[in-house]
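A.B. asks: what would the 3D arrangement of this be:
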Amino acid sequence: MERKDDKKETIKTFDHSDLLLKDRTKLQISGLEKAYELSENRLLLRVSGNNLVVCGENLNVVKLEVESGLLEVEGLVSEIKYSSSMSKGNFFKRIFK
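C.D. replies: Okay, the predicted model is just below:
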């Protein structure tokens with residue numbers, strides 16, 4: 001399924017997602033629709049229509065497959081926040097307080 005976001009770009013959407021965290025050092029995410037930020041300390045993502053924040057240290061993207069919606073990350077994961085109720089504006093306001 002595809003839809004248009006606010007900037008008129010086509011975004012592939014997914015009906016479901018899976019998160020697999022192994023030993024707090026390897027994270028696999030399926031259902032990735034958009035990556036807002038990918039840094040060493042934080043990932044801001046849209047996964048199956050929901051906002052996902054991953055915080056940690058030395059986060060490194062190992063694999064990013066946009067068409068299949070797959071993301072693999074290595075590094076020390078300290079926090080995962082998952083919310084379907086925040087709008088995009090509120091999502092970023094709460095993150096950057």
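
A.B. asks: now the residue nearest to the spatial centre of the chain: how far from Lys81?
C.D. replies: Against the mean C-alpha coordinate of the chain, by C-alpha atoms, centre = their mean, the closest residue is Leu45 at 2.6 Å. In this structure, Leu45 and Lys81 are 11 Å apart, going by C-beta to C-beta, to the nearest Å. C-beta: built from backbone N, CA, C; applies to glycine.

A.B. asks: worst-scoring helix or strand of the chain, pLDDT-wise?
C.D. replies: The element with the least model confidence among the helices and strands of the chain, by mean pLDDT, DSSP states H and E, is strand 2-4, at a mean of 52.

A.B. asks: residues contacting the longest strand along the chain, please?
C.D. replies: Secondary structure assigned by DSSP state E gives strand 50-65 as the longest strand of the chain. Here strand 50-65 makes contact (C-beta atoms under 8 Å, 6 or more residues apart in numbering) with 17, 19, 27, 29, 32, 35, 38-46, 70-84, 86, 88, 91, 95.

A.B. asks: which of those are buried, as a ChimeraX select command?
C.D. replies: Remark: buried members of those, expressed as a ChimeraX selection using 16 or more other C-beta atoms under 10 Å:
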select :17,27,29,32,35,38,43,44,45,46,71,72,73,74,75,77,91,95
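
A.B. asks: any idea what Val53 is bridged to?
C.D. replies: For Val53, the residues forming beta bridges with it (DSSP bridges) are Leu44, Lys81.

A.B. asks: kindly export the helix or strand where Glu74 lies (C-alpha atoms) in PDB.
C.D. replies: Under the criterion DSSP states H and E, the helix or strand holding Glu74 is strand 70-83. In PDB, the C-alpha atoms belonging to strand 70-83 read as follows (Å, rounded to 0.1, in the frame of the first residue of the first chain):
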ATOM      1  CA  LEU A  70      13.700  -3.500   6.900                       C
ATOM      2  CA  LEU A  71      16.200  -1.800   9.200                       C
ATOM      3  CA  GLU A  72      19.000  -3.500  11.100                       C
ATOM      4  CA  VAL A  73      21.000  -1.600  13.700                       C
ATOM      5  CA  GLU A  74      23.900  -2.500  16.000                       C
ATOM      6  CA  GLY A  75      25.000  -0.700  19.100                       C
ATOM      7  CA  LEU A  76      23.900  -0.500  22.700                       C
ATOM      8  CA  VAL A  77      20.100   0.100  22.800                       C
ATOM      9  CA  SER A  78      19.000   1.700  26.100                       C
ATOM     10  CA  GLU A  79      15.400   2.800  25.300                       C
ATOM     11  CA  ILE A  80      12.600   2.100  22.800                       C
ATOM     12  CA  LYS A  81       9.500   4.300  22.800                       C
ATOM     13  CA  TYR A  82       6.600   3.300  20.600                       C
ATOM     14  CA  SER A  83       3.500   5.400  20.200                       C
END
